[in-house]
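Q: build me a model from this:
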Amino acid sequence: MSADGKLVLVVEDEVAMRRFLRASLQAQGFRFVEAATVREALVAITTHNPDLVLLDLGLPDGDGIALTRKIREWSRAPILVVSARGRESDKVEALDAGADDYLTKPFGMNELLARMRVAFRHHDAELGERAPLVDVGELHLDLERRRVTLAGVEVHLTPIEYRILALLGRNLGKLLTHQQILTEVWGQAYATHTHYVRVHMAELRKKIEREPARPRFLVTEPGVGYRLRDRDDAGRGG
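A: Numbering: from 1, shown residues only. Predicted coordinates for the structure are as follows:
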């Protein structure tokens, strides 16, 4: 990955973890600024305007979820939560608050860098005009023509199936919660009907996955939501 001198803010109260991240990220060409508390994080964000935020949820003077909401009031910089909290409810709450991704400690540096690449690409696409074409291996989405092909063969989807796939395609590599998908595809009134997503996702996988039980494209985060696998998302289970 070419870091291009991008500035990463690490919000983490563990000194050893900050040192590890500082050494690892600077070795990749990133600039680095750090904060150990919510107060320090808010100062750093307003002072340095980072390109990406790595955020731990357990901070001594406040909660990372609330900090995520605060950041999202005025900044679209990617937020990657890096936390020891592994509960589904924590992941869903963080993503719904505005985080772009969630990585549970302990983690490998290669996986963190891959998540960062995805977050940067998604952010860059939001800033510019996203080309209406999405390619993931042999899966091709033409969002302008509303056409989906797999290995050159057109795939016929129902309107709901297409809307789900198009939503995931426009957010390539980004994990979307069940609630986010339901709200975008069906409307706010259906935000709690999670079985709708499961049923249609199962049908969608039958049409675009060679082995629906071992999906290559539509990745599940159990109890949280789904993502359309990015080319840097290799190795993630379905």
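
Q: going forward, measure contacts between C-alpha atoms and count neighbours the same way
A: Fine.

Q: how far is the host helix or strand of residue 207 from where the chain is centred?
A: In the assignment (DSSP states H and E), residue 207 maps to helix 194-208. Relative to its parent chain, helix 194-208 has a centroid offset of 20 Å by CA atoms, centre = their mean, to the nearest Å.

Q: quick test: name the residue nearest the centre of this structure.
A: Closest to where the C-alpha atoms of the chain average out (CA atoms, centre = their mean) is residue 174, at 3.1 Å.

Q: list the contacts of stretch 207-225.
A: 88-89, 91-92, 136, 139, 150, 155, 157, 175-178, 202, 205-206, 226-229, 236-238 (CA atoms under 8 Å, 6 or more residues apart in numbering).

Q: one more time with 6 Å
A: Residues from elsewhere that reach stretch 207-225, judged by CA atoms under 6 Å, 6 or more residues apart in numbering: 88, 92, 176, 177, 178, 205, 206, 226, 227, 228, 229, 238.

Q: which helix runs longest in the protein?
A: helix 109-127 (DSSP state H).

Q: pull out the buried residues from that one.
A: 111, 113, 114, 115, 116, 117, 118, 119, 120, 122, 123 (16 or more other CA atoms under 10 Å).

Q: now swap in stretch 80-93 and tell me
A: For stretch 80-93, by 16+ other CA under 10 Å, it's 80, 81, 82, 83, 85, 90, 91, 92.

Q: right, and the helix or strand after the lowest-mean-pLDDT helix or strand in the chain?
A: Across the helices and strands of the chain, mean pLDDT, DSSP states H and E gives its lowest value to helix 109-127, namely a mean of 83. As assigned by DSSP H and E, the chain's next helix or strand after helix 109-127 is strand 133-136.

Q: pLDDT of that next one, averaged?
A: Strand 133-136 shows a mean pLDDT of 86 in the predicted model.

Q: report the rounded mean pLDDT for the helix or strand that it is followed by.
A: Downstream of strand 133-136, the first helix or strand assigned by DSSP H and E is strand 139-142. The pLDDT scores in strand 139-142 average 91.

Q: ok so, going back, which strands and helices sit next to the longest helix of the chain?
A: Helices and strands touching helix 109-127, as assessed by 3 or more CA pairs under 6 Å, 6 or more residues apart in numbering; DSSP states H and E, are absent.

Q: with the buried residues of helix 109-127 in mind, which one is nearest to residue 74?
A: residue 123 (14.7 Å; CA to CA).

Q: roughly how far apart are the closest one and residue 100?
A: 9 Å (CA to CA, to the nearest Å).

Q: check residue 206 too.
A: 28 Å.
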